[in-house]
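**Student:** predicted coordinates and the sequence they were generated for:
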Amino acid sequence: QVQLAESGGGLVQAGGSLRLSCAASGSLFSNRAMGWFRQAPGKEREFVAAITWIAGTRYADSVKGRFTISRDSAKATVTVYLQMNSLKPEDTAVYYCAMYGSVSFLGGPASWGQGTQVTVSS
């Protein structure tokens, strides 16, 4: 069983920055792909960014050049980060951390965090 805990959300003005963190613990599979998704009010959850050891990173077109995903692994934990710069009001959403079911992006996420709210004011 994997537990994912996000932190770092909050309220920021347009053009500002936030850094989200996701700490994974439990039955770790430290080589699995990890990613970030988001869900705005009244919209479907959408892909934001993902990272693997073997295939690098992927980003949604809407965040390319503004967001950066990274990860590090210690003995007992895996942490993934999402650095968000030049934030726009349309980035407002609940951001969810996800661990994929494999070392690649195939098959999609298998575990989800509880989410952290990001609100960008205009």
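**Tutor:** Structure received.
**Student:** per-residue pLDDT, the most centrally placed residue in the chain?
**Tutor:** In the chain, the centroid-proximal residue (CA atoms, centre = their mean) is residue 36; its distance is 2.4 Å. pLDDT, residue 36: 98.
**Student:** which one is it nearest to, not counting chain neighbours?
**Tutor:** Leaving aside its chain neighbours, residue 36 sits nearest to residue 48 (4.3 Å; criterion: CB to CB, 6 or more residues apart in numbering). Where you see a C-beta, it was placed from the backbone N, CA and C, and this is true even at glycine.
**Student:** please apply the same query to residue 101.
**Tutor:** In space, residue 101 is closest to residue 110, 3.6 Å off (CB to CB, 6+ apart).
**Student:** other SSEs contacting the helix or strand hosting residue 120?
**Tutor:** Here residue 120, judged by DSSP states H and E, is contained in strand 116-121. Secondary-structure packing of strand 116-121 (3 or more CB pairs under 8 Å, 6 or more residues apart in numbering; DSSP states H and E): strand 10-13, strand 18-26, strand 93-100.
**Student:** other SSEs contacting the first one?
**Tutor:** If you count contacts as 3+ CB pairs under 8 Å, 6+ apart, strand 10-13 packs onto strand 116-121.
**Student:** so which residues make contact with the strand it packs on?
**Tutor:** 6-14, 16, 18, 20, 38, 84, 87-95 (CB atoms under 8 Å, 6 or more residues apart in numbering).
**Student:** where does the protein dip in pLDDT?
**Tutor:** Counting by pLDDT under 70, the chain contains low-confidence residues at 27-28, 74-76.
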